[in-house]
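J.: Have a look at this prediction, sequence included:
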Amino acid sequence: MSSRAALWRYRATVSVALGSNREEHMRQPTAAIAIAVICVLITGCAVTKGNAESTTTTRPMIPRPLVERELAELLLSTEQVNVAMGATGMTVTNTHTAMSDNSATMAPQECLAIDGAAEAPVYGNSGYLAERDQSLNDGDKFTHYFKQAVVLFPTVERAGAFFDASAQQWPACRQYSHTQSESQWSVGQISNANGTLSTTATQQDASAPGWGCGRALALRNNVIIDINTCSANPADSALKIADHIAANVTARW
């Protein structure tokens, strides 16, 4: 082979090698870009550098709505009621699955919600689905009376609407009377805090040691908790019991 032919072959070899190398360099960034695009489209890959840690965003869990069969299990036991009321001999006198209506025995009607728990006219047109209530007292002594009720709504929004309406309506009641006993009642300051309404109604001119009733209405999930506690000094017993039952509701989320 002549020197001129050898020189042309050498140049051709170098040209092929350079072309191959250049093509390889061009393919590498193209492949990297393709991988990056696929990564973003499919998984939104997180890229970290150095010691940076990847973070995961979690959505808050939405409580499942409670159902009717769970209502009775939310109520306090007799032993728990005695402790909460500072009593020893309270027993169950009745249990209901339908609300009472005592509107004919008191006036004015705007005070019915404060006078007693789970009154049918108070919940009229609210859209509730079911309720369970239970009353207890200590027999012939009748130094303590207690009523606990849990009212089920189809959604937390419907339960919340009832609570909001109650928060607007309760302050309209200042005084009321029981028409049968002709007793007069004064309503104390109404509190609205942490999803619970509470107040105390005191019987005027009651014989010693006095008589009053604590009231509490609490919203938890799709359940309204309605509590009435009566004794010589109910203090904040209704509020504490409502909180206790509210914890029972929360435990089922």
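T.: Perfect, thanks for sending it. Only a predicted model underlies this, so the values are computations on that prediction, with no experimental measurement involved.

J.: I'd like the average pLDDT over stretch 133-148.
T.: What stretch 133-148 shows for mean pLDDT is 94.

J.: now Asp101: how far from Gln109?
T.: Per C-beta to C-beta, to the nearest Å, Asp101 is found 11 Å from Gln109. Every residue, glycine included, has its C-beta placed from N, CA and C.

J.: Over to Asp164?
T.: Distance, Asp164 to Gln109, by C-beta to C-beta: 20 Å.

J.: what's the answer for Leu219, then?
T.: According to C-beta to C-beta, Leu219 and Gln109 sit 23 Å apart.

J.: Check the offset of stretch 192-204 from the chain's centre.
T.: Centroid displacement of stretch 192-204 relative to its chain, using C-alpha atoms, centre = their mean, to the nearest Å, is 19 Å.

J.: Ok, stretch 155-174 next?
T.: With C-alpha atoms, centre = their mean as the basis, stretch 155-174 stands 15 Å off its chain's centre.

J.: Kindly report the same for stretch 143-151.
T.: 21 Å.

J.: For it, list the C-alpha coordinates in CSV.
T.: Provided in CSV are the C-alpha atoms of stretch 143-151 (Å, rounded to 0.1, in the frame of the first residue of the first chain):
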residue,chain,number,x,y,z
THR,A,143,-81.1,14.9,95.5
HIS,A,144,-79.6,14.2,92.1
TYR,A,145,-81.1,14.0,88.6
PHE,A,146,-79.3,13.3,85.3
LYS,A,147,-80.3,13.0,81.7
GLN,A,148,-77.9,12.1,78.9
ALA,A,149,-78.7,12.1,75.2
VAL,A,150,-76.9,11.5,72.0
VAL,A,151,-78.5,12.6,68.7
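
J.: Show me what that stretch is in contact with.
T.: For stretch 143-151, the external contacting residues (C-beta atoms under 8 Å, 6 or more residues apart in numbering) are 71, 74-76, 81, 85-87, 90, 99, 116-118, 123, 128, 130-138, 159, 213, 223-232, 241, 245, 249.

J.: Report the beta-bridge partner residues of Thr91.
T.: Counting by DSSP bridges, Thr91 is bridged to Asn137.
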